[in-house]
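Engineer: Here is my input; please provide its structure:
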Amino acid sequence: METVEIDATGISTEDLNERLMALMLDGTEKFVLKNVCGQRYIGTRLYSKNGNKPRVDIDITGTPGSDLGAFMSGHRVRVHGNVQDGVGNTMDDGEIVVEGRAGDVLGMSMRGGKIFIRDNTGYRTALHMKEYLDKKPVLVIGGTTQDFLGEYMAGGIVILLGLGELPHNQTFIGTGMHGGVIYIRGKVDKLQVAGQVDISEPGVEDRKLLDKFVGEFIESFPDLGLNKEEILKGDFIKLAPKSKRPYAKMYA
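Structural biologist: Just a heads-up that it's a prediction; the model follows:
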């Protein structure tokens, strides 16, 4: 696998992404980006004009700017640090692993692929997350989120693990939710959850999903030394929409 290392110090967003595109078209399969500081859209334009979607690995040290992996299709990104807003915006496929926290609107309109966040996330996580054909996006968060988790969510899987025993204090969970499912490890009061959402205990099939994706989360962060069985022993709740058209009466 051909690897290219780039020191992003002082490089603009446009120049960095142009360089990544040119190198990918020339056969580079792995990028190691050092000193990233605010450059946006990393991973967004990495496709060939003939329609091919080659997969590349991108290893980032620093803090990438907003819309990391936006519209990404099949690449793998690992960030040794925090990320800003809009990670995985309309992401189609691939994987993003963040060894830190994420900002707002994580996974907005995401329709495929997986994102694993070690720590916490900001507001409106999984906003408008959806499923497309046979694609089902997955978002696993080691900590918790801010308000409006799963707002207008239309599909996909979100898992909050609450590691470090952080309480889930967010409100307006699932506002306008009409698809997908959210699993939260720990307790959530009914007042924190929108009226469009049912709260229940995970069933057998839900437990299989949790086993699979909690396992993948642990594999993504081996340095944490997490025990899957111990995590899965915790009390999980399941949040799912009561209706696929929660606002139907407003427009009838």
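
Engineer: mind checking which helix or strand D147 is in?
Structural biologist: D147 belongs to no helix or strand when elements are defined using DSSP states H and E.

Engineer: Near it, how many other residues are there?
Structural biologist: By the criterion of other C-beta atoms under 10 Å, D147 has 16 neighbours. Every residue, glycine included, has its C-beta placed from N, CA and C.

Engineer: Give me the phi and psi for it.
Structural biologist: Per-residue torsions, D147: phi -70, psi 160 (degrees, to the nearest 10).

Engineer: could you list every residue that touches it?
Structural biologist: Going by C-beta atoms under 8 Å, 6 or more residues apart in numbering, D147 touches 123-124, 170-172.

Engineer: Find the residue at the geometric middle of this protein.
Structural biologist: I115 (3.4 Å; C-alpha atoms, centre = their mean).

Engineer: Pretty sure that one sits against G94.
Structural biologist: No - I115 is beyond contact range of G94, at 9.3 Å (criterion: C-beta atoms under 8 Å).

Engineer: Next, show the common contact partners of these two.
Structural biologist: Common contacts of I115 and G94 (C-beta under 8 Å, 6+ apart): G69.

Engineer: Can you tell me the element the residue nearest to the centre of the chain falls in?
Structural biologist: strand 114-117.

Engineer: Tell me the strands beside that strand, with direction?
Structural biologist: Partner strands for strand 114-117, per DSSP bridges, with pairing direction: strand 93-98 (parallel), strand 138-141 (parallel).

Engineer: Determine which stretch of those is the most buried.
Structural biologist: Of all those, strand 138-141 carries the top mean neighbour count, a mean of 26, counting by mean count of other C-beta atoms under 10 Å.
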